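> here are the coordinates; sequence isn't available:
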């Protein structure tokens, strides 16, 4: 992995209950985590308070899912990332996550 690689951009977030999502994700970077078959946005904050920056292009700062095809040394190398409702209620999921084949 190159030291000057560009971080994956979050191009979509449709999770209504997140404090960072107001007309798109306004966190400077997200962390993808979780266990099992669902990759979760670990930056998700279920608050009514508006968070984040007014103008930002959100990136994936870290990916804890070593089993994802887009993970290279805990960095996301996908072209872009989509965040949306996970199978569990009130949880943000990484919709770009794909399990690496054995």
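Perfect, thanks for sending it. It should be emphasised that the depicted structure is a prediction, and the values quoted were computed from it without experimental measurement.
> Can you show me the helices along the chain?
Counting by DSSP state H, the chain has no helices to list.
> where are the low-confidence patches of it?
For the chain, the stretches flagged by pLDDT under 70 are 1-5, 87-90.
> can you pull out the strands in it?
Under the criterion DSSP state E, the chain contains strands at 9-13, 29-33, 40-41, 59-63, 71-72, 75-76, 80-85, 92-94.
> now for the first one, which elements pack on it?
Secondary-structure packing of strand 9-13 (3 or more C-beta pairs under 8 Å, 6 or more residues apart in numbering; DSSP states H and E): strand 59-63, strand 80-85. Placement of C-beta: from N, CA and C, glycine included.
> re the thing from before, kindly present the strands of the chain as CSV, with separate columns for distance to residue 50 and mean neighbour count.
Output for the strands of the chain, formatted as CSV (distance: least, C-beta to C-beta, whole Å; neighbours: other C-beta atoms under 10 Å):
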stretch, distance to residue 50, mean neighbour count
strand 9-13, 14, 20
strand 29-33, 16, 20
strand 40-41, 17, 26
strand 59-63, 20, 21
strand 71-72, 31, 18
strand 75-76, 25, 22
strand 80-85, 17, 19
strand 92-94, 16, 26
